[in-house]
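Q: Kindly generate the corresponding structure for this input.
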Amino acid sequence: MKKTPKYAQIEAELIAQIESGQLAPGAELPSESDLIECYGVSRVTVRRAIDELYHQGYVEKMQGKRRSEERRVGKE
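A: Predicted structure coming up:
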């Protein structure tokens, strides 16, 4: 039985929060350090989850700031 990677678990939980409206368009995601503490993972793992969300159009990256959630491409 394959185990789901931790980055994929974080990614899935954040997607669920975005799609349910718990994280509204334009809302800031939890900080990297908050996610690290919450999930007990490394910074690399958190960054991988956020990068996956970015590539799927769920988040927008902003230099020097936390990533902020935006509408998913094609879901307007």
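Q: what's the helix or strand containing Glu19 packed up against?
A: Taking DSSP states H and E as the criterion, Glu19 maps to helix 6-20. The elements that helix 6-20 packs onto, with contact taken as 3 or more C-beta pairs under 8 Å, 6 or more residues apart in numbering; DSSP states H and E, are helix 32-39, helix 43-55. All C-beta spots, glycine's among them, are computed from the backbone N, C-alpha and C.
Q: let's see 10 Å
A: helix 32-39, helix 43-55, strand 59-60, strand 68-69 (3 or more C-beta pairs under 10 Å, 6 or more residues apart in numbering; DSSP states H and E).
Q: what residues are up against the residue at minimal distance from the centre of the chain?
A: Nearest to the geometric centre of the chain sits Ile50, at 4.3 Å (C-alpha atoms, centre = their mean). Ile50 is in contact with 7, 10-11, 14, 29, 32, 35, 58-59, 61, 66-67, counting by C-beta atoms under 10 Å, 6 or more residues apart in numbering.
Q: For Val44, state which of those residues is nearest.
A: Tyr7 (8.6 Å; C-beta to C-beta).
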